[in-house]
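Chemist: Below is the sequence, then the predicted model.
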Amino acid sequence: MARQRVAATATVDLMGRMRGVQERPAGLTYQPELVSSDEERLLLTALGAMDYREIRMHGQVARRTVRHFGVDYDYGSFQLTEAEALPVELHEVRRRCADLAGVAPASFAQALVTRYPPGAVIGWHRDAPAFGPTVAGVSLGAACLLRLRRDTAGQRRVYEVELAPRSAYVLAGAARSTWQHSIPPVPELRYSITFRQLRRP
Ligand SMILES: O=C(O)CCC(=O)C(=O)O
Ligand SMILES: [Fe+2]
């Protein structure tokens, strides 16, 4: 989603550990096994058959590709537009994410499917402010790391969680509004389905 430019300081040390003081972000929820292996297979089949669109930001094409449902997001103009409805295969996973997040399923107006081929990343960002205070995501395929960081009075706070296949996470509260997050290169093909609310005017 929209990202904010940050100072180019090294994120990890030579051992690949994040630099900074460990702190668990308030508002971060992690739930393993949100979907079963059988459900994951069906979802991967459905997602594998979809078409994806490239993301071009600042003239660069990202390795990851995306498909939006409900509400589309233009990465160049930051505009939201209506997109095709959520396919029926994704209704149950949206319901479970909404349960986990404690929101109404229909409030997740947008579903973003992201396809990460091996080596694809998402850089440091906060999700666009046009979206509401709760974001939830499901991971399918390869595991990856979700990194979080925030800077306070000259001190960087960091946190890292492994996103196992079939797991879900919620970013709410400070984890959504204050912390930035990123995903370092994924080892194998991974998909995420992330759900967002629209901010009320
Ligand atoms: O792939 C994910 O789980 C996270 C993606 C993400 O941070 C985003 O689309 O804003
Ligand atoms: Fe994000």
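Modeler: All right, it came through fine. Ligands and ions are numbered 1, 2, ... in the order given.
Chemist: What pLDDT does the model give residue 80?
Modeler: Here the pLDDT value assigned to residue 80 is 85.
Chemist: out of everything not next to it in sequence, what's closest to residue 71?
Modeler: In space, and not counting its chain neighbours, residue 71 is closest to residue 110: 4.1 Å by Cβ to Cβ, 6 or more residues apart in numbering. (Each C-beta comes from the backbone N, C-alpha and C, glycine too.)
Chemist: residues contacting residue 200?
Modeler: residue 132 (Cβ atoms under 8 Å, 6 or more residues apart in numbering).
Chemist: hang on, it in a strand?
Modeler: No. Counting by DSSP: H, G, I helix; E, B strand; the rest coil, residue 200 is not part of a strand but coil.
Chemist: Ligand 1 versus that one, what's the distance?
Modeler: In this structure, residue 200 and ligand 1 are 20 Å apart, going by Cβ to the nearest ligand atom, to the nearest Å.
Chemist: Likewise for residue 174?
Modeler: Distance from residue 174 to ligand 1, by Cβ to the nearest ligand atom: 16 Å.
Chemist: Surely that residue touches residue 23?
Modeler: No. The criterion here is Cβ atoms under 8 Å, and residue 174 misses it with residue 23 at 10.1 Å.
Chemist: Residue ranges in the protein under the pLDDT threshold?
Modeler: For the chain, applying pLDDT under 70 flags the ranges 1-10, 201.
Chemist: interface residues of it facing ligand 1?
Modeler: Contact residues (Cβ under 6 Å from any ligand atom) of the chain with ligand 1: 1, 112, 114, 122, 127, 137, 181, 183, 192, 194.
Chemist: same thing but 8 Å
Modeler: Residues of the chain lying close to ligand 1 (Cβ under 8 Å from any ligand atom) are 1, 64, 66, 112, 114, 116, 122, 125, 127, 135, 137-139, 144, 146, 163, 169, 181-183, 190, 192, 194.
Chemist: ok, of these, which come out buried?
Modeler: Neighbour-count burial (16 or more other Cβ atoms under 10 Å) is assigned, among these, to 1, 64, 66, 112, 114, 116, 122, 127, 135, 137-139, 144, 146, 163, 169, 181-183, 190, 192, 194.
Chemist: re earlier: please tell me how far the residue nearest to residue 71 sits from residue 154.
Modeler: Going from residue 110 to residue 154 by Cβ to Cβ, to the nearest Å gives 36 Å.
Chemist: what about the two, which has more around it?
Modeler: Set side by side, residue 110 and residue 154 show more neighbours around residue 110, with 23 against 5, by other Cβ atoms under 10 Å.
Chemist: so who does the more buried one touch?
Modeler: 68, 69, 70, 71, 73, 83, 131, 195, 196, 197, 198.
Chemist: Can you tell me who it pairs with across the strands?
Modeler: residue 196 (DSSP bridges).
Chemist: how close does it get to residue 165?
Modeler: Using Cβ to Cβ, residue 110 is found at 23 Å from residue 165.
Chemist: Next: residue 63.
Modeler: 19 Å.
Chemist: Residue 70 now?
Modeler: Where residue 165 is concerned, residue 70 sits at a distance of 24 Å (Cβ to Cβ).
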